Structure formats: structure tokens, C-alpha cells
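Novice: can you look at this prediction? I've put the sequence above it.
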Amino acid sequence: MSYTDLYLKFENEEQMRSVLFEKVPTEWDQSDPENPIATAWEERQLYRNTDLINLIATKDATIDPESGDIITEAEYAEGFHVNIRAVGEDTSSLEDYRVDPEPNTPARVWA
């Protein structure tokens, strides 16, 4: 089986959801059987294997071992991060969101 791993970065979660998910109706008003009206929706991912990572730490926080207080805050890479493992799926629409260059040591990988 052939697959392609993609490491993606979006400006924010809203942008990510607009690209990787679609809203599909789950319930309908059947008052007029000839013209049902969708009344409830849910998001469904467009790619079978989607791993929402969100924040990636570039520097860990420092914690006082005695008190548990945070001494220095963690630092994070910009953007909302997602990994996709595409199995025979067209990913051409994702090219603008690919991390370039791809990470040598990704924060998370597929098993």
C-alpha cells in the first residue's frame, strides 16, 4: 500500500477546518417530505488519516521541582499544525499548507 505523509501548517484552527473538513447534514425537518430541510450538521474530515496537533513546543517550560511553579513559559511554533497520511487520496489542494522544508524530527509521526 502506497501512502504520502504531509506535515501541514495553517494560520489558525478556523483556516484548518475550512480546508480539511466539510459540514454534512445529520438531521432534517421532514415537514414537507418533498423538500426536507437540514436542521443539524456535523464536521467530517476529508482525509482518512488526520492528526490534529495544534501547538508544537519549540522550547519546553521550566518548572520549579519543589513548588511546581512555572519559571519560564514554553515557546511554540507559529500556526495550527496537522499531519495527514494520504492513502491514495488527492492532496494537491494541500500544497500551499505544507511545511517547507519538511521537519527532520517531526513532533509526531504515524506508527
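Specialist: Cool, got the structure.
Novice: which secondary structure elements does the least confident helix or strand in the chain by mean pLDDT contact?
Specialist: Scoring the helices and strands of the chain by mean pLDDT, DSSP states H and E places strand 57-59 at the bottom, with a mean of 92. Using 3 or more C-beta pairs under 8 Å, 6 or more residues apart in numbering; DSSP states H and E as the contact test, the elements touching strand 57-59 are strand 75-76. C-beta: built from backbone N, CA, C; applies to glycine.
Novice: the strand it packs on pairs with which strands, and in what direction?
Specialist: With DSSP bridges as the test, strand 75-76 is paired with strand 57-59 (antiparallel).
Novice: got the contact list for the strand it pairs with?
Specialist: Residues outside strand 57-59 that contact it (C-beta atoms under 8 Å, 6 or more residues apart in numbering): 74-77, 107.
Novice: any of those buried? List them.
Specialist: Neighbour counting by 16 or more other C-beta atoms under 10 Å classes none of these as buried.
Novice: pLDDT and distance to R17 added to the residues you listed, as JSON lines?
Specialist: Formatted as JSON lines, those follow (pLDDT from 0 to 100; distance: C-beta to C-beta, whole Å):
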{"residue": "A74", "pLDDT": "96", "distance to R17": "24"}
{"residue": "E75", "pLDDT": "96", "distance to R17": "25"}
{"residue": "Y76", "pLDDT": "94", "distance to R17": "19"}
{"residue": "A77", "pLDDT": "92", "distance to R17": "19"}
{"residue": "A107", "pLDDT": "87", "distance to R17": "20"}
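Novice: out of those, which is nearest to M16?
Specialist: Using C-beta to C-beta, the shortest approach to M16 within the contacts of strand 57-59 belongs to A77, at 14.4 Å.
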